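K.L.:
sequence? don't have it. structure:
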């Protein structure tokens with residue numbers, strides 16, 4: 001009986017570990033680097049994106065796996081507003097990012113701190129504006145170095161972050177101990193968190209993707225894209241922390 005238990009335990013562990021995507025980028029390889037610059041999704045300079053998110057939160061009082069929905073708005077690569085909700089559309093947290101500074105609303109209060117530190121608590125890894133833009137389908141301006149990998153694929157690097165590109169799309173990102181791999185989603189895309197300003201599926205992502213982040217060999221986060229709307233108007237006040245006793249402008253939208 002003990003051997004049978006150990007067999008099933010090992011089998012379960014093998015299945016669990018095999019669900020993590022494998023890293024294919026070799027940052028230390030020998031490449032023929034050449035200067036290059038390009039821009040992806042220039043039409044999506046400002047946008048609102050929605051989907052599902054899974055996070056392995058690294059905060060003592062909330063440590064563990066969380067699955068919910070996200071709505072993320074961005075007016076430029078430095079300004080972000082993230083709304084995370086749980087089951088029954090219950091608000092979990094609102095994060096306003098302005099450059100290196102972040103304000104997070106949770107449990108009825110606002111906290112402030114460096115975004116690099118807050119992102120590590122939420123996503124178990126440091127995630128900057130470029131990574132968000134790539135994963136969500138927003139504008140991504142690249143100016144760095146690239147090298148051909150063959151079969152039309154290439155590897156590009158900028159500020160220590162590596163991007164593997166296939167058929168003109170980023171498919172893998174490596175940033176220090178974090179790597180992120182994209183997977184195509186073929187089903188499971190119903191309506192997003194908010195039904196405002198939607199008619200049918202006109203804002204649905206045409207080729208949905210799941211982005212899986214792995215940090216130090218452990219799962220860090222999963223983003224599943226559902227909607228992206230680049231026609232929304234985003235006032236600057238959306239990216240500012242509301243003053244005490246002042247209603248949040250987002251509540252009025």
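P.N.:
Thanks, I have the structure now. A quick note: this is a predicted structure, and the numbers were derived from the prediction, not measured.

K.L.:
which parts of the protein are strands?
P.N.:
Using DSSP state E, the strands of the chain run over 34-40, 47-57, 64-76, 79-85, 91-98, 101-106, 109-114, 140-150, 153-158, 161-166, 169-175, 178-184, 209-215, 218-229.

K.L.:
for residue 159, give its distance to residue 144.
P.N.:
Noted for residue 159: a distance of 7 Å to residue 144, by Cβ to Cβ, to the nearest Å. Any C-beta I mention is one placed from the backbone N, CA and C, and that applies to glycine too.

K.L.:
one more: residue 89?
P.N.:
Relative to residue 144, residue 89 is positioned 40 Å away (Cβ to Cβ).

K.L.:
okay, the two: which has more neighbours?
P.N.:
Shown here are residue 89 and residue 144; by other Cβ atoms under 10 Å, residue 144 has more neighbours (17 against 10).

K.L.:
what pairs with that one across the strands?
P.N.:
Residue 144 has these beta-bridge partners by DSSP bridges: residue 36.

K.L.:
and it, what's its pLDDT?
P.N.:
Note on residue 144: pLDDT of 97.

K.L.:
how about the one 3 residues further on?
P.N.:
On pLDDT, residue 147 comes in at 97.

K.L.:
ok, it - how many residues close by?
P.N.:
Neighbourhood size, residue 147 [other Cβ under 10 Å]: 15.

K.L.:
go on, residue 150?
P.N.:
Counted with other Cβ under 10 Å, residue 150 comes out at 6.

K.L.:
which strand residues bridge it?
P.N.:
Taking DSSP bridges, one obtains residue 153 as the residues bridged to residue 150.

K.L.:
again, but for residue 228
P.N.:
Note on residue 228: beta-bridge partners by DSSP bridges are residue 49.

K.L.:
check contacts around it.
P.N.:
44, 47-50, 136-138, 203, 205 (Cβ atoms under 8 Å, 6 or more residues apart in numbering).

K.L.:
and the pLDDT for residue 207?
P.N.:
In this model, residue 207 is scored at 65, pLDDT.

K.L.:
ah, wrong one, I meant residue 103
P.N.:
For residue 103, the model assigns a pLDDT of 93.

K.L.:
report whether the expected contact of it with residue 112 is present.
P.N.:
Yes: using Cβ atoms under 8 Å, residue 103 is in contact with residue 112, at 5.0 Å.

K.L.:
who touches both of these two?
P.N.:
Jointly contacting residue 103 and residue 112 under the rule Cβ under 8 Å, 6+ apart are residue 241.

K.L.:
when those two are compared, which one has more neighbours?
P.N.:
Shown here are residue 103 and residue 112; by other Cβ under 10 Å, residue 103 has more neighbours (20 against 11).

K.L.:
okay, the residue nearest to the more buried one when sequence neighbours are not counted and residue 29: tell me how far apart.
P.N.:
Excluding the flanking residues, the one nearest residue 103 by Cβ to Cβ, 6 or more residues apart in numbering is residue 241, at 4.2 Å. According to Cβ to Cβ, residue 241 and residue 29 sit 44 Å apart.
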